[in-house]
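Undergrad: any chance you could fold what I've pasted below:
(2 chains)
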2 protein chains.
Amino acid sequence: MNILVAGGAGFIGSHVVDRLLRRTDFELLVVVDNLWTGLQSNLAHIRDDRMKFVKSDVEVFNSELRFDEIYHFASPASPPWFIAEPARTISANIRGAFRLRELLARGGQFAFTSTSEVYGDPLVSPQPESYRGSVDCTGPRSSYDESKRCTESFLFEMSRTEGMRIKVVRLFNVFGPRTRPNDGRAVSNFLTRALRGDPIVVYGDGSQSRSWGYIDDIIDALERYFWLDGINFSGPLNIGNNREISVIDVALYVQSLFPQVEIQFGPPVAQDPTNRCPDLTRARQVLPGWHCKVSYEIGIGLTLDWFRKVGMSQGAGRANLPNKEI
Amino acid sequence: MNILVAGGAGFIGSHVVDRLLRRTDFELLVVVDNLWTGLQSNLAHIRDDRMKFVKSDVEVFNSELRFDEIYHFASPASPPWFIAEPARTISANIRGAFRLRELLARGGQFAFTSTSEVYGDPLVSPQPESYRGSVDCTGPRSSYDESKRCTESFLFEMSRTEGMRIKVVRLFNVFGPRTRPNDGRAVSNFLTRALRGDPIVVYGDGSQSRSWGYIDDIIDALERYFWLDGINFSGPLNIGNNREISVIDVALYVQSLFPQVEIQFGPPVAQDPTNRCPDLTRARQVLPGWHCKVSYEIGIGLTLDWFRKVGMSQGAGRANLPNKEI
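TA: Below is the predicted model of the structure:
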């Protein structure tokens, strides 16, 4: 049995790889990653000969092997990165999915991490999976939002017409160790700036809310859904923390840990969603007992520890820094 | 100067090719079409050596040439066709767009026919271009809707980040000569069944409305927007007839021409939009004086004449008939 993880050196991907390696039912786990937003150091701790790393864009990755489980995590997930390179973002998601489909063994399972961004700037709150979203398909965030939507479509259509076994999750703002110092999303941004003694920058007035899910909680859900619980459900499945917190509250909490650090305000980000909160009704049915246990305050502390000890020295000096933090 | 029309043997594409050939400012017009839903007979009348036909899927078409104008019309547009072959539909649109971008000359213009289906089953009527739509990105129509949305995103992102000159139209239900007898959309369906003496089949109760734009009116708008009027506007631009007519009214009108033909009712089509009507405010600004002049009654008469004389004998007996008429 062979497993492929596309984007396996990334933030979500590398944590899933760690959990996959707890299993004893497979021979080979191939990680494909172009290290665009991923970091090889996210896998440096692994001492398991079953894992092979291949540096490649997912959409051109080729292999004689066929894979019984494919995890498609290959995509940037932070706005400055996908806004800077939209063609590459669309390509990784949808052309990546077409490529990976050709590598799936007959009867294999194709898992995909979609996103709460399929809901755009939502007009209902919390957002159930049935909500069709409010995405400007010509807007500056659309490369990410629309390529995730289109990849969902592709997978559900392959399920409908070809019986492909798929599992699709929609992840809401995840944070924690193994994000880049220059990742650009709010939590890592605030922490890395505070650690450097720089002012924290809030874009807009900070009233925009997010649902911050700590990585370990999110990976608990993915592990159960994707393989542990033997679930036969294609999704889409919202996975996230339904405690909705404004960006300014996160900034203030980080400031409480670094009292000398100022909070500054920058111009609002174009089409930044005003709110985001998962309706977890379906998740509670599919994953009974699962919920996010780590509060954002605790999660921020854990992430801060990691940035202090490990993260700040990683991923610096790369050519493809985003143009702007968000 | 070179022009490329992808999908140029199709319904919309072949009419645009006719108009392009009225121009005298180019040397070569390459039509790329895989004849999936297009018909070579749609181009059989052309006696202009500047036109070259290449039978190819657009996403793998290769050429040493670079094109000053690219028209991307390569996609099925009728539900039974895209519902039957969703992967191919997504691929033609988005992978087609990636491929065509590589063939665009520096400073060239990339035109794309998007669709009112980007609005899904709309919750506002009429639909302005700013409406973000109500599309189920996991539903049975999503291969078309989402690949059009994603291709719009790709083009607007290429405009934003690379300065690509783009023109994007959203076409509302177009009908007229050069649709296949087995096209599957309501007008051609009703006419071809009536011509055969078969009952007309209305799916659902027929109360769903559409805005039927006759092909000549639509092509008038495209010609002006794409090249005649020297317009510098990327779109998206709604193009269609804002006279909203229910499907049952069209069936009754066709029955008035064939009094012996019965109307039958079939099960509703999954996620069939309940309504569809363009807000033409922007079109009136961009194309002053343009509107749809041909009523659906006249247009149906013209289409009927064409099916009688030409259309009924075309496109029959092909292997890739859709499974179901809609």
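
Undergrad: okay, CA-based contacts and neighbour counts for the rest of this
TA: Will do.

Undergrad: in stretch A:299-306, what's buried?
TA: Along stretch A:299-306, these residues count as buried under the neighbour rule (16 or more other CA atoms under 10 Å in any protein chain shown): A:Gly299, A:Ile300, A:Gly301, A:Leu302, A:Thr303, A:Leu304, A:Trp306.

Undergrad: secondary structure class for the third one?
TA: This means A:Gly301. helix (DSSP: H, G, I helix; E, B strand; the rest coil).

Undergrad: mind checking the longest helix of chain A?
TA: Counting residues, the longest helix in chain A under DSSP state H turns out to be helix A:142-162.

Undergrad: any residue of it up close to chain B?
TA: Yes: Helix A:142-162 reaches chain B (CA under 8 Å from any CA of the partner chain) through A:142-143, A:146-147, A:149-150, A:152-154, A:156-158, A:161.

Undergrad: show me the strands in the stretch 51-200 of chain A, by range?
TA: Per DSSP state E, counting those that start in this stretch, the stretch 51-200 of chain A has strands spanning A:51-55, A:67-72, A:104-115, A:165-171, A:174-175, A:200-203. These are given in chain order.

Undergrad: quick one: neighbours of the residue in the stretch 151-300 of chain A that chain B sits nearest to, just the number.
TA: When scored by CA to the nearest CA, the stretch 151-300 of chain A has A:Ser153 as its residue closest to chain B, at 4.9 Å. By the other CA atoms under 10 Å in any protein chain shown criterion, the neighbourhood of A:Ser153 contains 28 residues.

Undergrad: which other residues reach stretch A:135-150?
TA: For stretch A:135-150, the surrounding residues in contact (CA atoms under 8 Å, 6 or more residues apart in numbering or on different chains) are A:77, A:79, A:82-83, A:86-87, A:89-90, A:93-94, A:114-115, A:117-121, A:270-271, B:130, B:132-133, B:137, B:142-143, B:146-147, B:149-150, B:152-154, B:156-157.

Undergrad: next: stretch A:13-21.
TA: A:Val5, A:Ala6, A:Gly7, A:Gly8, A:Asn42, A:Leu43, A:Ile46, A:Asp48, A:Phe73, A:Ile219, A:Leu222, A:Glu223.

Undergrad: would you turn those residues into a markdown table with pLDDT and secondary structure?
TA: Compiled in a markdown table, the contacts of stretch A:13-21 are given as follows (pLDDT from 0 to 100; DSSP: H, G, I helix; E, B strand; the rest coil):
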| residue | pLDDT | secondary structure |
| --- | --- | --- |
| A:Val5 | 98 | strand |
| A:Ala6 | 98 | strand |
| A:Gly7 | 98 | coil |
| A:Gly8 | 98 | coil |
| A:Asn42 | 96 | helix |
| A:Leu43 | 97 | helix |
| A:Ile46 | 97 | coil |
| A:Asp48 | 98 | coil |
| A:Phe73 | 98 | coil |
| A:Ile219 | 98 | helix |
| A:Leu222 | 98 | helix |
| A:Glu223 | 98 | helix |
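
Undergrad: around chain B, which positions in chain A sit nearby?
TA: Taking CA under 8 Å from any CA as the criterion, the neighbours of chain B within chain A are A:84, A:86-87, A:90, A:95, A:130, A:132-140, A:142-143, A:146-147, A:149-150, A:152-154, A:156-158, A:161.

Undergrad: make it 6 Å
TA: Of all the residues in chain A, those in contact range of chain B (CA under 6 Å from any CA of the partner chain) are A:132, A:134-138, A:142-143, A:146-147, A:149-150, A:153, A:156.

Undergrad: just the strands in the stretch 201-326 of chain A please.
TA: In the stretch 201-326 of chain A, the strands defined using DSSP E, counting those that start in this stretch lie at A:209-211, A:213-214, A:237-239, A:244-246, A:263-266.

Undergrad: what about the fourth one, distance to the chain center?
TA: When C-alpha coordinates are averaged (CA atoms, centre = their mean, to the nearest Å), strand A:244-246 and its chain have centres 19 Å apart.

Undergrad: got it, and stretch A:26-36?
TA: The offset between the C-alpha centroid of stretch A:26-36 and the centroid of the whole chain comes to 17 Å, using CA atoms, centre = their mean.

Undergrad: ok, and what's touching that stretch?
TA: Residues from elsewhere that reach stretch A:26-36, judged by CA atoms under 6 Å, 6 or more residues apart in numbering or on different chains: A:1-8, A:50-57.

Undergrad: tell me the one of those nearest chain B?
TA: Within those, distances to chain B taken as CA to the nearest CA reach their minimum at A:Asp57, with 15.7 Å.

Undergrad: A:Gly8 versus the closest one, what's the distance?
TA: Noted for A:Asp57: a distance of 12 Å to A:Gly8, by CA to CA, to the nearest Å.
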